[in-house]
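Visitor: For reference, the sequence and a predicted model appear below.
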Amino acid sequence: MKVAGHPFPTAYYCDLFAGGVGSLDFVLSKAYSQLSLTAGFADTSQATVQTVKLEIVGDGKVYLTPPKTLRFGEAVDFKVNVAGITRVELKITELSPPGGSGAPSQPALAGLSLST
């Protein structure tokens, strides 16, 4: 998959309609110290005007980094301290008003890795 023109051999993505919310949860069991990932949109996204907010939440209550708003064509690299965290949620919210007949966007989380 390509995100902002850069190829990634591994990525998670979904079709997200305006106003939609999606998330990925990972159980870490306090075994890791750093999460790395690139967030953006798949280059194949049919919707190019939508905006999403990415939240990285530890143990259901703590922002591990401030929420980030992304537009099509943008990609942001994250290196997040997850030491002592048992569960990480990567939550994406499509910020356009719900409804309409527009194509879904394809937010992507690429190059995910955990290190000790």
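Guide: That came through fine. Numbers count the residues shown, from 1 in each chain.
Visitor: in the chain, which spans are strands?
Guide: 2-3, 6-7, 11-13, 21-27, 34-41, 51-58, 62-71, 75-81, 87-94, 107-115 (DSSP state E).
Visitor: Can you give me the buried ones in the longest one?
Guide: Residues 64-65, 70 are the ones in strand 62-71 that count as buried (16 or more other Cβ atoms under 10 Å). Bear in mind the C-beta positions are built from the backbone N, C-alpha and C, glycine included.
Visitor: and it with strand 87-94, angle?
Guide: If you take axes from the mean of the first three to the mean of the last three Cα atoms, to 10 degrees, strand 62-71 sits at 30 degrees to strand 87-94.
Visitor: Distance from strand 62-71 to the middle of the chain?
Guide: 9 Å (Cα atoms, centre = their mean, to the nearest Å).
Visitor: Walk me through which strands that strand pairs with, and which way each runs.
Guide: strand 51-58 (antiparallel) (DSSP bridges).
Visitor: Touching the partner strand from outside, list them.
Guide: For strand 51-58, the surrounding residues in contact (Cβ atoms under 8 Å, 6 or more residues apart in numbering) are 16, 35, 39, 41, 63-65, 67-71, 76, 78, 80, 82, 85, 87-96, 105, 107.
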